[in-house]
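> what's the 3D shape of this:
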Amino acid sequence: MPSGGASVAQVATRPAQGPTTAFSGAKVLLNAALVPDLETQLERERQRIIRQGATADFREGVAAFVEKRVPRFVGK
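Next comes the predicted model:
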């Protein structure tokens, strides 16, 4: 059983409430990392960071941090 008495369903659904666009971007980068060209991979990461910084979820995450509250991500 997961720690703290949380059910498996609660643990499994928690990522869906998070910054899904960031998770998706990380997955793309992990899959691309199989190509052994460091320079290309670093450029992909740079581009992904630029795109991620322009999302509503990024702005929400920063605002929630500054306001010391739980973020409400919408996947955009």
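> From now on I want contacts and neighbour counts done on CA atoms only, so please keep to that.
OK.
> Please export the C-alpha coordinates of the helix or strand encompassing Arg51 as CSV.
Following DSSP states H and E, one finds Arg51 within helix 38-52. C-alpha atoms of helix 38-52 as CSV (Å, rounded to 0.1, in the frame of the first residue of the first chain):
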residue,chain,number,x,y,z
LEU,A,38,24.7,15.7,-27.1
GLU,A,39,24.6,19.0,-29.0
THR,A,40,21.3,18.1,-30.7
GLN,A,41,19.8,17.0,-27.4
LEU,A,42,20.8,20.2,-25.6
GLU,A,43,19.2,22.2,-28.4
ARG,A,44,16.0,20.1,-28.1
GLU,A,45,15.9,20.8,-24.4
ARG,A,46,16.5,24.5,-24.9
GLN,A,47,13.6,24.7,-27.4
ARG,A,48,11.3,22.7,-25.0
ILE,A,49,12.1,25.1,-22.1
ILE,A,50,11.2,28.1,-24.3
ARG,A,51,7.9,26.4,-25.3
GLN,A,52,7.1,25.3,-21.8
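> Give me the pLDDT value at the most centrally placed residue in the chain.
In the chain, the residue lying closest to the centroid (Cα atoms, centre = their mean) is Ala22, at 2.7 Å. The model reports Ala22 with a pLDDT of 86.
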